[in-house]
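Trainee: Could you look at this predicted model? Sequence included:
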Amino acid sequence: MQYDYILIRYGEMALKGKNIKAFILRLQENIQNKLQDYKNVKVKRTQGRMFILLNGHDPEPIIDKCKHIFGIQSLSLAIKEENDPDKVKEAALYALKKNDAASTFKVTVKRINKDFPIRSQEFNHVVGKHLLTNTNGITVDVHQPDVEIKIEIRNEATYITSSVVQGAGGLPVGTSGKSLLLLSGGIDSPVAGYLAMKRGVQLEAIHFHSPPFTSERAKQKVLDLAKQLTQYGKSIQVHLVPFTKLQQEIFRQIPDGYAMTIMRRIMMRISEKVCQEQGILSITTGENLGQVASQTMESMNVINEVTNYPILRPLVAMDKTEIIDIAKKIGTYETSILPYEDCCTVFVPKSPKTKPKREKANHFEAKADLSEWVEEALQNIETIKITSRQENTYENLF
Amino acid sequence: MIYLDNSATTKPEASVLKSFEKVSTDFFANPSSIHPLGGESEKLLHQAKDQAAKLLEVARSEIVFTSGGTEGNNLAIKGIALEHQHRGKHIITTAVEHASVYEACKSLEKLGFNITYLPVNQDGIINVNDLQAAIQDDTILISIMHVNSELGSIQPIKEVGAITKKYPKLFFHVDHVQGLGKVPLSLKDSGIDLCTMSGHKIHGLKGTGLLYIRNRTTLFPLFHGGAQEQAKRSGTENLAGAVSFVRALRLILERERTHKHELLQMQQYIRKELEKLPDVFVNTPLHAAPHIINFSVPGVKPEVLIHLLAENDIYISTKSACSSKQTDESKILAACGLPKKRTTSALRVSLTYTNTMEELQQFMGILRRNIQQLKKVME
């Protein structure tokens, strides 16, 4: 006997009304996508449930992969058995013994198929007794058991599960439209992207780089971060904007105190243009209230003036420590702290205004002539598609 | 040439050498250099780690490239001992370890550490009850080899791991140098905190290797410097060595999956043939690694036999190469409680996947003749 299924429980999407089908189909597609390297593994839907058919594959790595898929509340290894009391008893015993850390258990029987000869409560006792007589030192604890053996007697078969692995929750990526993530290479923006994805958002990313002030490694770092994010969803298009000349012009033409503000406004305008071209409906940033000069209430007000696209700011109310915790959890922290210069650290005004004003920003922009450079930056955007596949450019060396 | 001394070292695989040459030529920049060439080297180093991690089913951050088995064992043992000595100064190892473990432990005794050397049975295997009994409040490290280099005995690593898991203060180090690619060992499920591997035992290059260090395991480095390898092993990375090691690792693990039964068949053949010879004792236990067979020919000096075989272009060894220049008696066999006439007359044949049955038939024929000849002379 072996575990041949992974049972998937839906998260919040289970609450959706008529639209639920679309959510489920998307989740199924996302799971299939994630598991495409495993031959013969199938993802099936039945009423209210989704199953992964393992077909002989080791369940552990598959569960590990699925843990990161948004839309899944929890996962359990399951054994599928005929609706035969003896066979179900044996399967329950197997499930319990597989859990070697357990010293207490509880059996919960759910009888959906009323043709099954034994009623739920009674079968509960039958299975419990079978488990007690065939194990040593394991007892029943109905309140806080180490293992809960769940037996679901459905029309087509009976499913026996034990351990429950927490899923990532949220909504399946791709059910909430696309957003353009401003990805800098720091700690915050990947976390913002992750949280947006958790709400079903599919990401594209935009990065402003300033070679030769910023290096190839800084660019690679951003691509690596995007790759890390693909773990939680789909492939991500990264739009790399060459920002060097424009940035130099900004700092030449705009007074020092407003250079940073204007730079951010121009980033917003370029981002909105990319959104329009790609059919993206919102912009996601790692902004956080009060963290740096560009993230004061006043700055946000002035920077936001240039776009009427919704800006998602998933981190706006978080503390830095909370953001770092998530970054560590999702595996972006190590990459984010690599000490390469980026476009926001190379050109730093001596004293950026923390309380800029819209009128002033507009005034300085009207006096300056930056449109040529903006146009050039837009013309030279390089787009790279990042997939979750492990690509190995030096394959022949290993 | 019939080369049957693969536990001492293996012949580097041609493609591994090619990798080494290619990386040395094209990626010579220092991975720590800021310029793009350095960036390329760094990227390759990351990929080497990713590949190694994938092959061993561990995390990238748990891989530290070393110069081989001796460094790996020393870094693991001294590193843990020095870093965690405030927790306790007791270390448990066995009486049959490789010199790099044994001597590292001996050196710690001079620093006030207290070492328990677990005894082994006639098959060279420890008793896990002895191990359990040896654990004290101040025990900080257990270091046990997976496969014995002289006998091929396999230690119960999983059982030891299960025991050490119960003691949160305890680190568990495994010397996997002889077992790698021959006897499977799952790092993830065996409660192992540190695990040593060496390149030249798996058709890689000498001076290459890897130490697995489980995440959240801190140790005192042997080398301080530029904080390479997460500051656990400073020094400019041997990129060509690392890449070529990973290639050797991939190849040996593939062979282990597909060709292990052939090793076993060859080993069984030698065992059967040796058992036919009068006054020859097979020392390797029945359940052992598939590539080592140790036997004794009492009354015949092993060195003489080795020289006679070498005249026929056949190469085997006495005991482990790292101890073969010392006294005649095998410390390992003595620890197994074998009589002196066997411990001083032991020979080791060690195989690899490129050996063939024909080679072994030839070897057995010549060995048989040589033993008869020597017996006549000695009598």
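Mentor: In hand now; what should we look at? Numbers count the residues shown, from 1 in each chain, chains lettered A, B, ... in the order given.
Trainee: got the residues of the stretch 201-350 of chain B near chain A?
Mentor: B:V243, B:V246, B:R247, B:R250 (Cβ under 8 Å from any Cβ of the partner chain). Using the backbone N, CA and C atoms, a C-beta is placed for each residue, glycine as well.
Trainee: What separation do you get for the third one and B:A240?
Mentor: Going back to what we said before, that points to B:R247. 11 Å (Cβ to Cβ, to the nearest Å).
Trainee: care to break chain B down by domain?
Mentor: Residue ranges for the domains of chain B, per the TED database: B:2-8+B:259-378, B:14-251.
Trainee: Would you mind finding the most buried of those?
Mentor: Using mean count of other Cβ atoms under 10 Å in any protein chain shown, the stretch among those with the greatest mean number of neighbours is domain B:14-251 (a mean of 20).
Trainee: For the closest residue to chain B within the stretch 51-200 of chain A, pull up the helix or strand it's in.
Mentor: Nearest to chain B, among the residues of the stretch 51-200 of chain A, is A:P61, at 8.3 Å (Cβ to the nearest Cβ). Using DSSP states H and E, A:P61 falls within helix A:59-66.
Trainee: what comes into contact with that helix?
Mentor: For helix A:59-66, the surrounding residues in contact (Cβ atoms under 8 Å, 6 or more residues apart in numbering or on different chains) are A:3, A:6, A:8, A:31, A:34-35, A:38, A:41, A:52, A:54, A:72, A:75, A:77, A:165, A:167.
Trainee: Now the phi/psi pair for the most centrally placed residue in chain A, please.
Mentor: The geometric centre of chain A, computed from its C-alpha atoms, lies nearest to A:Y232 (Cα atoms, centre = their mean), at 3.7 Å. Main-chain torsions, A:Y232, degrees, to the nearest 10: phi -100, psi 0.
Trainee: ok, now how distant is it from chain B?
Mentor: 18 Å (Cβ to the nearest Cβ, to the nearest Å).
Trainee: Surely that residue and A:V173 touch.
Mentor: Yes: if you go by Cβ atoms under 8 Å, A:Y232 and A:V173 touch, sitting 7.1 Å apart.
Trainee: shared neighbours, the two?
Mentor: With contacts defined as Cβ under 8 Å, 6+ apart, the residues shared by A:Y232 and A:V173 are A:F70, A:M197.
Trainee: As a check, name the ranges of all strands in the chain.
Mentor: In the absence of a named chain, this looks at chain A. A:5-10, A:42-46, A:49-53, A:72-81, A:104-111, A:139-140, A:147-153, A:158-169, A:178-182, A:202-209, A:236-242, A:282-284, A:311-312, A:382-386 (DSSP state E).
Trainee: um, chain B though
Mentor: Using DSSP E, strands in chain B cover B:2-3, B:63-66, B:90-94, B:114-118, B:139-145, B:171-175, B:194-198, B:209-213, B:281-282, B:292-296, B:314-315, B:346-350.
Trainee: Select, out of those strands, the one closest to A:K98.
Mentor: With Cβ to Cβ, the closest approach to A:K98 among these belongs to strand B:171-175: 24.1 Å.
Trainee: packing partners for that closest one?
Mentor: helix B:69-83, strand B:139-145, helix B:157-165, strand B:194-198 (3 or more Cβ pairs under 8 Å, 6 or more residues apart in numbering or on different chains; DSSP states H and E).
Trainee: phi, psi of the residue nearest the centre of chain B?
Mentor: Per Cα atoms, centre = their mean, the C-alpha nearest to the average position across chain B is that of B:V177, at 2.2 Å. With angles defined as degrees, to the nearest 10, B:V177 sits at phi -60, psi -40.
Trainee: Distance of the residue lying closest to it once chain neighbours are set aside relative to B:C195?
Mentor: Leaving aside its sequence neighbours, B:V177 sits nearest to B:G69 (Cβ to Cβ, 6 or more residues apart in numbering or on different chains; 4.2 Å). Going from B:G69 to B:C195 by Cβ to Cβ gives 11 Å.
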